[in-house]
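Q: could you work out the structure for the sequence below:
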Amino acid sequence: MDLNELIKLIKENNHNADEELIKKAYELAKSAHKGQKRISGEEFLEHPVGVAAILAKQKADTATIVAAILHDVLEDTPVKLEQIKKEFGQEIAALVEGVTKIDKFEFEKREEYKAENYRKILLASAKDIRVMLIKISDRLHNMRTLKYLRPDKQKRIAEETLHVYAPIAYKLGMGIVKGELEDLSLRFIEPKVYQYLKARISEKRQEREKKTQQIIEMVHDELEKSGIKTEIQGRAKFFYSIYMKMKKEKISFDDIYDLIALRIVTKTIPECYKAIDIVHAKWDTLPHRVKDYIKEPKPNGYQSLHTTVKGPFNKLLEIQVRTDKMHDYAEEGIAAHWKYKGKERDKKFEQKISWIKQLLDWRRKSKDAKDILEDLSFDLFADEIVVFTPKGDPISLPEQSTPIDFSFEVHTNLGLQCSKCKVNGKNEPLDHPLESGDVVDIITQKNAKPSRQWLSFVKSSLARAKIRQALGLPPDKPRKELGPDEERQFVLVDQIEIIGKKSPIKLSKCCFPKPGDKIIGFYTKDKKITVHKNTCANVRSLENARKADLKWKKLEDKYEKELIIVAHDKPGFIRQVLNEITSANIIIKSIHTRNSKGHIVLEIKMNSPNELKNKDLLKKVRRFKETLDVRMER
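A: Below you'll find the predicted structure:
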C-alpha cells in the first residue's frame, strides 16, 4: 500500500485526521527503513504501513496512526526518541516508546510465559490504552505474513498469539480481530485441522449461502410487517471457533456447520426486544440458549440478545440482535469509542478506559508476573460463564464453575443445604463443570452439610469462603507474602513519628489504631515497637519502663479517606466501581481486596471533605446489585 492509498483509507474512516502529520511520519519511516527488507522479500515499510491500515479501519485517531507508522523506528533504525518528540510531540513519542518496550522482554521460565506476556503488554500500555491497540494490530499484520518464517518460529509465535493477544483482543471487545488472530494461529499450530476445515467450508459454501439468504429474507419480511427496519446479515463462523466447538462437544463438522447464524441490527433497544419476540413467535425456541447480554453485558462491554430456534429447512438458527452502536462495539471493541464530531476523539474515551489505566499503574512495580492475573481477580482477564436459574435469572460465574459455585452465588443457604443437582433437566454430579447457557436446578435437604471435598473443585471465592466457614476452617491464606491488613499497617506505620530513639514499629492487631486515634507504643524484647490505642485493654498489663512516645505525622492532604465496599465477588464489578470513581475526578491512591470477606478497600484523595457526598458517589455505588455495604473510614 502506497501513501496515497493509506491516506484515502484513513480519510474514509476519519475525515478529521491530520493528513500532513501522517505524510510527515510516512516520509520519516520510509527514510529510516530504507534498504531494509522483510523475510518475505518485500520492503520493510510495508509492515508499519500495514499496521496503520488495520488501525485506520478501526477509525483510530491521528496520533495512533502516526505512532503505528513509526512503531519500529526506535528498534530497527538510527532514529532516537528525542527526534520523535521534537518532530511529532510528546503524545506520539510516548505511544511509540510504549510499543517498543513490549518487544524488549525475555522469558526465563516457560510456566510464566503467559502471565509475563500479559504483564509486559499491560505495563507498557498503562499510560495509554492505544499502545495496546497498536501492538495487537502489529501482531495481526505479522500473523498474516507468518508463512515466511521457519516452522518452529511459526508455531511459537502462533501459540503466543493464541494464548496472549487473542484473549486481550477479546477482553477489549475486538471480536473481528480476535477471530482472525485465532484462525491464523490455528493455521500454524494445527495445519491439518485448518486445511480440513478450509476444504469442508469451501465445499459447502454455495449451498449454505443460498439457504442463509432465503432465511434472511423470511426474517426481514416478518420484522418489516411489524414496522422494524433492520439490517440482517449472515454471521461467518471462524475456523477456530468451529474447531473448539467440535472438540468441546465431541461432535462432527457437519453438526456444527449445519447451524446457520444471523445477526439482526436495529436502531433502538426496544426494537431489539420486539425483534426477538417476533422470532420466538415464528419458530420454536431452545429456552436454555436464550441470553440477554443487553441487561447483563459481558465484562468486556459486549451487548446483544442471543437466541437459538428451530428454523426453516429443519435447521437450527442462531440469532444475535443488537443496536447499531452495540454492533460497532462488538466488532471494534474499545476502538469504537472514537467519534468524529468536530474533534477526533470522543471526550469520554479516556474516562471510559481510565479504570484500566488505574489498575495497571498500581501494579507497575510488581515483581511477580502473576500478580496482575491473580491479585484483585483482575477483571480484564476474568473468564466467566453465564448460567440460568430454573426461572431464567442469569448468574455470572468463573469459567469451569460447578453447581456448588452456582448454589452459593444464588443464596448462602442454598449452598449450605445443597445435596443434588440437575443441569438442563438431567441429573449431574456436584462437581460437573458448567457451561454458558446451562439451566441449573439445585435440590436441597435440611440436614445436608458442605463437604470438605467441595474445596477441591469449587472455583468462586464466595463458595470457597462459605464452605470453609461452615466447616470451621480458617480463611484461605493470602497469595502474597503480606496480607491486606499487613499491607495497610505498612501504610499507617509510615505516618507515625517516633519521638526519641528510632526503631522498627508495627501496629498491634488487638486494637488496630487509625490516624487520629490517641496512641502509645511499647518496646518488645527484640527492640521493636508495637503501637496501641491509649484505650486498649492490653496496655494496662505493659510496663511503663518499656513505653515509647509516638505521634501521628501531619498528613499532606487531610482529605485522604479509606472507602470500604462489601460486595458479592462478580466479574466486572470492580470495573464498574472504578468507572464511577474516576468519572467523578476523585483520585484513587491504592486498592486491594480481601476476597474471602468480599471487601474492596480503596484509598482515595479528595479536594474537599464533602466531595463524595456532593457527587452522590456513595449512593451510586450502593445502587449496584452486587453491593452489600459501603462505608468511609479515617
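Q: how much space is there between residue 305 and residue 631?
A: 38 Å (CB to CB, to the nearest Å). C-beta: built from backbone N, CA, C; applies to glycine.
Q: which one of these two has more residues nearby?
A: residue 305 (22 against 10; other CB atoms under 10 Å).
Q: which strand residues bridge that one?
A: Beta bridges link residue 305 to residue 292, residue 321 when assigned by DSSP bridges.
Q: Three-state assignment for residue 270, please.
A: Put simply, residue 270 is helix when judged by DSSP: H, G, I helix; E, B strand; the rest coil.
Q: residues near it, how many?
A: Neighbourhood size, residue 270 [other CB under 10 Å]: 11.
Q: gap between it and residue 323?
A: According to CB to CB, residue 270 stands 10 Å off from residue 323.
Q: how about residue 154?
A: 40 Å.
Q: got it, and residue 399?
A: For residue 399, the distance to residue 323 (CB to CB) stands at 28 Å.
Q: out of the two, which sits in the busier spot?
A: Shown here are residue 399 and residue 323; by other CB under 10 Å, residue 323 has more neighbours (19 against 14).
Q: what sits against that one?
A: Neighbour list for residue 323: 265, 266, 267, 268, 269, 271, 272 [criterion: CB atoms under 8 Å, 6 or more residues apart in numbering].
Q: now the second one: phi and psi?
A: What it means is residue 266. The phi/psi pair for residue 266 (degrees, to the nearest 10) reads phi -110, psi -180.
Q: and residue 293, by the same measure?
A: With angles defined as degrees, to the nearest 10, residue 293 sits at phi -90, psi 10.
Q: residue 243 against residue 190, yeah?
A: Yes. With contact defined as CB atoms under 8 Å, residue 243 reaches residue 190; the gap is 7.4 Å.
Q: okay, those two: which has more neighbours?
A: The neighbour count for residue 243 versus residue 190, taken as other CB under 10 Å, is higher for residue 243 (20 against 17).
Q: skipping its backbone neighbours, what lies nearest that one in space?
A: Of all residues not flanking residue 243 in the chain, residue 193 sits nearest, at 5.8 Å (CB to CB, 6 or more residues apart in numbering).
Q: what number of residues lie near the one you found?
A: The number of residues packed near residue 193 is 17, by other CB under 10 Å.
Q: same check on residue 152?
A: Residue 152 has 8 neighbouring residues, counting by other CB under 10 Å.
Q: likewise for residue 389?
A: Counted by other CB under 10 Å, the residues lying close to residue 389 total 15.
Q: now swap in residue 169 and tell me
A: Counted with other CB under 10 Å, residues neighbouring residue 169 total 28.
Q: can you tell me the SS state at it?
A: With three-state DSSP as the basis, residue 169 sits in helix.
Q: quick one: contacts for it?
A: Counting by CB under 8 Å, 6+ apart, the residues that residue 169 touches are 136, 177, 178, 181, 333.
Q: leaving out sequence neighbours, find the closest residue to it.
A: Of all residues not flanking residue 169 in the chain, residue 178 sits nearest, at 4.0 Å (CB to CB, 6+ apart).
Q: any idea whether that neighbour is helix, strand or coil?
A: Secondary structure, three-state DSSP: residue 178 is helix.
Q: my guess is it meets residue 161, correct?
A: No. With contact defined as CB under 8 Å, residue 178 does not reach residue 161; the gap is 10.5 Å.
Q: can you give me the helices in the stretch 51-200 of the chain?
A: Here the stretch 51-200 of the chain has its helices, by DSSP state H, counting those that start in this stretch, at 62-70, 73-76, 81-88, 90-102, 113-124, 130-144, 151-160, 166-171, 175-189, 191-225.
Q: now do the stretch 401-550 of the chain
A: Ranges of helices in the stretch 401-550 of the chain, per DSSP H, counting those that start in this stretch, are 403-410, 412-416, 461-470, 484-493.
Q: ok, and for the shortest one, which residues are buried?
A: Taking 16 or more other CB atoms under 10 Å as the basis for neighbour counts, the residues of helix 412-416 that come out buried are 415, 416.
Q: export that helix as CSV, just CAs?
A: The C-alpha trace of helix 412-416 is given here as CSV (Å, rounded to 0.1, in the frame of the first residue of the first chain):
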residue,chain,number,x,y,z
THR,A,412,-25.8,-19.0,51.0
ASN,A,413,-28.5,-21.3,52.4
LEU,A,414,-29.0,-22.9,49.0
GLY,A,415,-25.2,-23.8,49.0
LEU,A,416,-25.2,-25.0,52.6
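Q: what helices or strands is that helix leaning on?
A: Using 3 or more CB pairs under 8 Å, 6 or more residues apart in numbering; DSSP states H and E as the contact criterion, the elements in contact with helix 412-416 are helix 403-410, helix 461-470.
Q: cool, the third one as well?
A: Secondary structure elements in contact with helix 461-470, counted by 3+ CB pairs under 8 Å, 6+ apart, are helix 403-410, helix 412-416.
Q: how about CSV for these, with distance to residue 459 and mean pLDDT added?
A: Formatted as CSV, these follow (distance: least, CB to CB, whole Å; pLDDT from 0 to 100):
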stretch, distance to residue 459, mean pLDDT
helix 403-410, 5, 93
helix 412-416, 13, 93
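Q: do you know which of those lies nearest residue 567?
A: Minimum separation from residue 567 across the helices and strands packed on helix 461-470 (CB to CB) falls at helix 403-410, 12.8 Å.
Q: tell me the angle of the closest one relative to helix 461-470?
A: Counting by axes from the mean of the first three to the mean of the last three CA atoms, to 10 degrees, helix 403-410 points 90 degrees away from the direction of helix 461-470.
Q: need the pLDDT of the residue nearest to residue 73 when sequence neighbours are not counted.
A: Excluding the flanking residues, the one nearest residue 73 by CB to CB, 6+ apart is residue 79, at 4.2 Å. For residue 79, the pLDDT comes out at 92.
Q: residues contacting the residue nearest to residue 169?
A: Residues in contact with residue 178 (CB under 8 Å, 6+ apart) are 166, 167, 169, 170.
Q: element containing residue 619?
A: Assigned by DSSP states H and E, residue 619 belongs to helix 617-623.
Q: ok, residues contacting that helix?
A: If you take CB under 8 Å, 6+ apart as the criterion, helix 617-623 is touched by 565, 577, 580, 581, 584, 586, 612, 627, 630, 632.
Q: cool, thanks, signing off.
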